[in-house]
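Q: My questions are about this predicted structure, shown below with the sequence.
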Amino acid sequence: MNELKTKIVNLTGKPVTFLNKDDSILAIIKPEEYIAITHIKFNAAGNVDGLIPIEDIRYTNPIGIPDSRKNTIYLVSKECSMGVMDRDDVFFPNCPKYDENEMKDDEIKIPVQINGKT
């Protein structure tokens, strides 16, 4: 097996597994001892028909992502990546794979509240 020339630094706090096309494990990148974090700011941006509030979501500059280094990429949460969109060395893992056979319900009910009434 060839050794990776690019160092992958996992700042998500959880192991990240890379899979081959046949779903066999290509690599597991263990998390670092520290994680990257960001703060999320919600600002009122209006409403729909005076009933449903709309919020603008802004991600602040994340804390814990080191400066760029040659041949190094950083894995972070999607929210952290939104705060450093100008960097080409920061990525977030794709959605996790799951077994559809283990899904219990085909549908779920989500209560919606408008003007305090469900």
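A: Nice, thanks for sending it over. Residues are numbered from 1 along each chain as shown.

Q: Could you tell me how far the most centrally placed residue in the chain is located from Tyr34?
A: The residue at the geometric middle of the chain, judged as the C-alpha nearest the mean C-alpha position with C-alpha atoms, centre = their mean, is Lys78 (2.6 Å). Lys78 sits 18 Å away from Tyr34 when distances are taken as C-beta to C-beta, to the nearest Å. C-betas here are computed from N, CA, C, even on glycine.

Q: Now do the helices in this structure.
A: In the chain, the segments counted as helices under DSSP state H are 78-82.

Q: any weak-confidence spans in it?
A: Residues of the chain meeting the criterion pLDDT under 70: 1-4, 95-118.

Q: before we move on, the earlier item: near the residue nearest to the residue nearest to the centre of the chain when sequence neighbours are not counted, how many other residues are there?
A: With C-beta to C-beta, 6 or more residues apart in numbering as the criterion, Lys78 has its nearest non-adjacent residue at 4.4 Å, and that residue is Phe92. The burial metric for Phe92, expressed as a neighbour count using other C-beta atoms under 10 Å, is 16.

Q: residues in contact with Phe92?
A: Under the criterion of C-beta atoms under 8 Å, 6 or more residues apart in numbering, the neighbours of Phe92 are 12, 75-78, 80-81.

Q: repeat that with 10 Å
A: 12, 16, 74-82 (C-beta atoms under 10 Å, 6 or more residues apart in numbering).

Q: In PyMOL, select just the buried ones from these.
A: The command below creates a PyMOL selection of those among the contacts of Phe92 that count as buried (16 or more other C-beta atoms under 10 Å):
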select buried, resi 12+16+74+75+76+77+79+80+81+82
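
Q: would you turn the contacts of Phe92 into a markdown table with distance to Ser24?
A: Supplementary listing: the contacts of Phe92 in a markdown table, determined by distance: C-beta to C-beta, whole Å:
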| residue | distance to Ser24 |
| --- | --- |
| Thr12 | 22 |
| Val16 | 16 |
| Tyr74 | 25 |
| Leu75 | 20 |
| Val76 | 26 |
| Ser77 | 26 |
| Lys78 | 26 |
| Glu79 | 30 |
| Cys80 | 29 |
| Ser81 | 27 |
| Met82 | 31 |
